[in-house]
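J.: Mind folding the following:
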Amino acid sequence: MDLNLKDKVAIVTGASRGIGKSIAQILSAEGMKLTLVARSPLDEFSASLPAESLPLSIDLRLPDSASRIVDATIKKFGTLDLLVNNAGATKRGDFLSLTDEEWTDGYALKFFGAMRLSRAAWPHLVNSNGSIINIIGVGGRTGSAEFAIGGTVNAALMNLTKVLADRGVAEGVRVNAINPGSIATERLQTRITAFASEHNLTHEEARVQMAKAFHIARFGNPEEIAHAVAFIASSQAAYIQGAILDVDGGATRTL
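T.: Next up is the predicted model:
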């Protein structure tokens, strides 16, 4: 299937590892030119990609970060076709122990980072009839006691997706979201290791037990999210607007 992404330009945030890194690899393999954004250095990863890319080490919590990223992208590539808002991790923990600072940090990176980038990128996406894809998380659909910050941030981002999609109908910008479930990133591996230690299990035993507890057959792979991004960004998905796709192995059973 030809996704018609060759020579188009995308910004991918949180591109240094996990899901964001896989998204960058898959989009680059499709021939897209990329601006890679993360707080950590990206030069080595950028050099390894098959298509042209611009690495930017920028903290999305800074108010001017969005304009700097979009301006650098336009200066380098002349246009922008796709924004993938992927960056952002929030702290887990008991609601009563989470501090104001931890709440503020969770919203600053994941929600405000995505909001500001969407706002800065919007005029260029209007010009290119481009697209925004927000990588959010199923925790925004179903509340969990230990995921108070992340759950509310994710719910807010899902609403923002619908808000921007509504505007995008009139202005020619497609806006959609993907909710990953339990994906085998470094963060999940750390949780599996802790569970194994706590219950005196091998890593494999812990992985199997945790998956069963989540009512899924297995954990997902970052590449599975990345392939979904490539499809939704492509011309093959031109009639998909305002969709929120749960890629979670069936963990979310509510409407």
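J.: can you pull out the strands in the stretch 1-150 of the chain?
T.: Taking DSSP state E, counting those that start in this stretch as the test, the strands found in the stretch 1-150 of the chain are 9-13, 33-38, 53-57, 82-85, 131-135.
J.: Present these as a markdown table; the columns should include distance to residue 119.
T.: In this view, the C-beta of every residue, glycine as well, is placed from N, C-alpha and C. Below are the strands of the stretch 1-150 of the chain laid out as a markdown table (distance: least, Cβ to Cβ, whole Å):
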| stretch | distance to residue 119 |
| --- | --- |
| strand 9-13 | 13 |
| strand 33-38 | 16 |
| strand 53-57 | 18 |
| strand 82-85 | 10 |
| strand 131-135 | 11 |
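J.: ok, and the closest non-adjacent residue to residue 245?
T.: Distance criterion Cβ to Cβ, 6 or more residues apart in numbering; nearest residue to residue 245, sequence neighbours excluded, is residue 178 at 5.1 Å.
J.: What strand or helix carries the one you found?
T.: According to DSSP states H and E, residue 178 maps onto strand 174-180.
J.: Helices of the stretch 51-200 of the chain, residue ranges please.
T.: 65-77, 100-106, 112-128, 148-171, 186-198 (DSSP state H, counting those that start in this stretch).
J.: Can you list the buried residues in the last one?
T.: Taking 16 or more other Cβ atoms under 10 Å as the basis for neighbour counts, the residues of helix 186-198 that come out buried are 188, 192, 195, 196.
J.: Same check on stretch 218-238?
T.: Within stretch 218-238, the residues scored as buried using 16+ other Cβ under 10 Å are 219-220, 222, 224-226, 228-230, 232-234, 237.
J.: List the buried residues of stretch 135-149.
T.: Across stretch 135-149, burial judged by 16+ other Cβ under 10 Å covers 135, 136, 137, 138, 139, 140, 141, 147, 148, 149.
J.: just stretch 117-135 next, same as before
T.: For stretch 117-135, burial by neighbour count (16+ other Cβ under 10 Å) applies to 117-118, 120-122, 124-125, 128, 130-135.
J.: mean confidence score for it?
T.: Across stretch 117-135, pLDDT averages out at 98.
J.: out of the buried residues of stretch 117-135, who's nearest residue 42?
T.: The closest of the buried residues of stretch 117-135 to residue 42 turns out to be residue 117 (Cβ to Cβ; 16.5 Å).
J.: The closest one reaches residue 11, doesn't it?
T.: Yes: when contacts are counted by Cβ atoms under 8 Å, residue 117 is listed as touching residue 11 (7.1 Å).
J.: Touching both of those two, which residues are there?
T.: Residues touching both residue 117 and residue 11 (Cβ atoms under 8 Å, 6 or more residues apart in numbering) are 69, 70, 83.
J.: show me the contacts for residue 40.
T.: Applying Cβ under 8 Å, 6+ apart, the residues contacting residue 40 are 16, 17, 57.
J.: how many neighbours does the first one have?
T.: To tie it back to what came earlier, the one meant is residue 16. Look at residue 16: counted by other Cβ atoms under 10 Å, it has 19 neighbours.
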